[in-house]
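Novice: Sequence first, then the predicted structure:
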Amino acid sequence: MRKITQGFLCASLAMAAGCSFSNPNVVLSDNIRTVKINAFSNKTVLYGLEDKLFQKLNDALMEDGRLIPSSENTDALLIGDITTYELVPLSFDANGVVEEYKLWIEADLRFVESESGKVLCEEKSIPIDVRFNPPGRSRPGAIIETEQNAQERAIDELASEIVYLLLRNR
């Protein structure tokens, strides 16, 4: 029985280690309390994503309370790019009408200490994948959603992921 428990513990630790991001050893020091969120640049053709992300990030950080957004005299600076926005049809009905879409967003971010310019965290191609069924589809059990609603969900998820990346070790 003891060998089974030890084996399970080792397997659990190995899986947890494999799930970390590019630099799990980044520890946000206690002197980083405020952050200026620069509007992310939007390298996609879809206007307004950057504004929605800015607002969601601001709200998420305010709600969490460990890192306070501010516009002046901040300890750190958050800089980023929305690099990808794709709407991909996943399934079709017998008439060739799309029944399900995948909305794919990717973003890059850099979190920099204001005074020294030291990069505290940098992530490339943070992926967000949201699936939805468009209006007019009658697939049993399917949740119907517009692209705009799915977009809001994706931006919420992206903001949550960014906040997690900034605060994961604090």
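Specialist: All right, it came through fine.
Novice: residues touching Gly80, list them.
Specialist: Gly80 makes contact with Asn38, Phe40, Ser41, Ala107, Asp108, Leu109, Arg110, Ile162, according to C-beta atoms under 8 Å, 6 or more residues apart in numbering. The C-beta positions use only the backbone N, C-alpha and C, and glycine is treated the same way.
Novice: Distance to Asn31, pLDDT and neighbour count for these - can I get that in TSV?
Specialist: Formatted as TSV, the contacts of Gly80 follow (distance: C-beta to C-beta, whole Å; pLDDT from 0 to 100; neighbours: other C-beta atoms under 10 Å):
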residue	distance to Asn31	pLDDT	neighbour count
Asn38	20	95	14
Phe40	25	95	24
Ser41	28	97	14
Ala107	27	98	28
Asp108	25	98	18
Leu109	21	96	20
Arg110	19	97	16
Ile162	21	96	25
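Novice: quick one: which of those sit in strands?
Specialist: Within the contacts of Gly80, residues falling in strands by DSSP state E are Ser41, Ala107, Asp108, Leu109, Arg110.
Novice: Lys102 touches Ile128, doesn't it?
Specialist: No: between Lys102 and Ile128 there is no contact under C-beta atoms under 8 Å: 10.6 Å.
Novice: If you count surrounding residues, which of those two has more?
Specialist: Ile128 (19 against 15; other C-beta atoms under 10 Å).
Novice: so the more buried one makes contact with Ser160?
Specialist: No: counting by C-beta under 8 Å, Ile128 sits too far from Ser160 to count as a contact (9.4 Å).
Novice: quick one: low-confidence ranges for the chain?
Specialist: By pLDDT under 70, the weakly predicted segments of the chain are 1-28, 137-139, 169-170.
Novice: and if we set it to 50?
Specialist: Filtered on pLDDT under 50, the chain yields the residue ranges 1-26.
Novice: So which bits of the longest helix anywhere in it are buried?
Specialist: The single longest helix within the chain, with elements called by DSSP state H, is helix 147-167. Judged by neighbour count (16 or more other C-beta atoms under 10 Å), helix 147-167 contains these buried residues: 150-151, 154-159, 161-163, 165-166.
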